[in-house]
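J.: make a model of this:
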Amino acid sequence: MRNHPSTGSSIAPTEFVMSTLANNEGLRASRVCFSYGNKRIIDNITLELKPGTLTALVGPNGAGKSTLLHLLQGRLQRDSGFVECNSSITVMPQRASIDWTFPITVFEMVRLGGKTFKHQPGKQIAKQLLMRVGMEQLAQRRLSDLSGGQQQRVLLARALMQQTGVLLLDEPCSAIDPPTREHLLSVMREQADAGQTLLVSSHDWGSALDSYDKVLVLDNKLLANGTPSEVREKLSDMTCMMGSHCCG
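T.: Numbers count the residues shown, from 1 in each chain. Below is the predicted model:
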């Protein structure tokens with residue numbers, strides 16, 4: 001376990017996280033292409049996500065970030081190329097894609113997103129995850145009564161409820177306040193330290209990306225792939241990517 005600058009302290013992963021993610025071997029993609037009609041959206045993408053790493057996927061609107069996440073999961077059919085992964089993959093969707101007027105509580109939203117666990121009841125795990133994202137006090141609140149930041153916390157807890165080896169997050173820090181960003185990022189770091197492989201899509205570019213192990217820069221093609229400092233050096237002239245937040 002390690003300390004990390006984004007959190008200031010090490011976080012002890014829970015036992016069920018450690019046992020579930022022990023055999024994760026990451027994810028690899030090679031020469032992946034995808035088109036909508038005659039328009040190429042994803043162009044010859046090759047990448048590798050190593051187990052136990054937290055990777056940022058950055059790029060402007062229309063770069064194909066969400067499309068790439070769904071291609072990696074298999075929700076969309078590739079035109080060509082292949083994806084290799086020895087574990088199940090979860091996608092945390094964008095907040096705007098969820099019907100927050102659906103008449104259930106926060107607890108029900110998280111619990112219903114899970115699967116059957118051999119050693120721990122689903123209710124117990126849902127409670128633990130709500131505590132980890134700071135939503136335990138709002139477990140019985142209706143979804144329609146949540147703020148944007150609270151909705152993002154619930155979505156993360158629901159995604160973690162599935163306990164897959166790979167977690168792909170589609171703009172999890174969009175339009176939320178800095179403290180919530182920091183809290184969500186600390187939970188993501190905890191998951192990576194426990195062995196889960198995480199890829200987090202974002203609009204922004206800036207010093208907060210130092211919180212990640214690697215950064216992928218996408219604009220239909222993969223423009224850069226490396227550590228935050230390596231990518232910053234390569235793309236220092238791309239002012240359209242500059243920002244100050246971990247996610248956007």
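
J.: only C-alpha atoms from now on, for both contacts and neighbour counts.
T.: Noted.

J.: how much space between the residue nearest the centre of the chain and Asn225?
T.: Centroid check for the chain by CA atoms, centre = their mean gives Leu169 as the closest residue, at 2.5 Å. To Asn225, Leu169 is 18 Å away according to CA to CA, to the nearest Å.

J.: before we move on, back to that, which element, helix or strand, includes the residue nearest to the centre of the chain?
T.: Using DSSP states H and E, Leu169 sits within strand 166-170.

J.: residues in contact with that strand: which ones?
T.: With contacts defined as CA atoms under 8 Å, 6 or more residues apart in numbering, strand 166-170 is touched by 24, 26-27, 65-66, 69, 87-94, 159, 196-202.

J.: quick one: the strands in this structure, in order.
T.: For the chain, the strands defined by DSSP state E cover 27-36, 39-49, 54-58, 80-85, 89-92, 166-170, 197-202, 214-219, 221-226.

J.: coming back round to it: what's opposite the residue nearest to the centre of the chain in the beta bridge?
T.: Residues in a beta bridge with Leu169, per DSSP bridges, are Met92, Val200.

J.: one more: Ala29?
T.: Beta bridges link Ala29 to Leu47, Val83 when assigned by DSSP bridges.

J.: that one: how many residues sit nearby?
T.: 18 (other CA atoms under 10 Å).

J.: pLDDT wise, what is it at?
T.: Looking at Ala29, its pLDDT stands at 97.

J.: OK, contacts around it?
T.: 45-48, 72, 81-84.

J.: again, only this time at 6 Å
T.: The contact partners of Ala29, by CA atoms under 6 Å, 6 or more residues apart in numbering, come to 46-47, 82-83.

J.: distance check, it against Val91.
T.: Where Val91 is concerned, Ala29 sits at a distance of 16 Å (CA to CA).

J.: nearest to Thr101, out of the strands of the chain?
T.: strand 89-92 (18.6 Å; CA to CA).

J.: which strands and helices sit next to that closest one?
T.: Applying 3 or more CA pairs under 6 Å, 6 or more residues apart in numbering; DSSP states H and E, we find strand 89-92 packed against strand 166-170.

J.: same thing but 8 Å
T.: If you count contacts as 3 or more CA pairs under 8 Å, 6 or more residues apart in numbering; DSSP states H and E, strand 89-92 packs onto helix 65-73, helix 148-161, strand 166-170.

J.: cool, thanks, talk later.
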